[in-house]
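>>> Have a look; sequence and predicted model below, questions after that.
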Amino acid sequence: MIRTFLIIMTFAVAAVDAFGQQPENVVPTPRPLSQEVVDYVRNQPLPRNPVQVTELITAGSRLPNNLELSPIPDAHQYGFIVVNQDRLIVDSATRTVVKIVD
């Protein structure tokens, strides 16, 4: 009985380790984002009416086509948008969230 309990606890701890981790806020890209791009997005003022969505958006999420991205100077492959008070850097071609800026 104790042996069965220990085996179950071992699997439970492993499951918590595997599924309990926080999602990363950066998706690996062929060319890493420059600090200038991140700083540019970080320093942009929050819009008066930011986009609100009910879905959880993480790095790697795809944004719908109806959300308009703002361009990033000198980094035309990326755009940014503020969703649920989070600043997101998005790959313009695939509309994949590359980084959530703190």
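Right, received. Where do you want to start? Numbers count the residues shown, from 1 in each chain.
>>> all helices for the protein, in order.
Secondary structure of the chain by DSSP state H: the helices cover 2-19, 35-43.
>>> weakest of those in terms of mean pLDDT?
Lowest mean pLDDT of the helices of the chain: helix 2-19, a mean of 45.
>>> in this protein, which spans are strands?
For the chain, the strands defined by DSSP state E occupy 70-71, 78-83, 86-91, 96-101.
>>> Could you please name the strands the third one pairs with and the direction of each pair?
Take DSSP bridges as the rule and strand 86-91 pairs in its sheet with strand 78-83 (antiparallel), strand 96-101 (antiparallel).
>>> Now these in CSV, please, with extra columns for distance to residue 70 and mean neighbour count.
The C-beta positions use only the backbone N, C-alpha and C, and glycine is treated the same way. Listed next are the strands paired with strand 86-91 as CSV, based on distance: least, Cβ to Cβ, whole Å; neighbours: other Cβ atoms under 10 Å:
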stretch, distance to residue 70, mean neighbour count
strand 78-83, 5, 21
strand 96-101, 13, 20
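>>> could you dump those strands to JSON lines with distance to residue 69?
Listed next are the strands paired with strand 86-91 as JSON lines, based on distance: least, Cβ to Cβ, whole Å:
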{"stretch": "strand 78-83", "distance to residue 69": "3"}
{"stretch": "strand 96-101", "distance to residue 69": "11"}
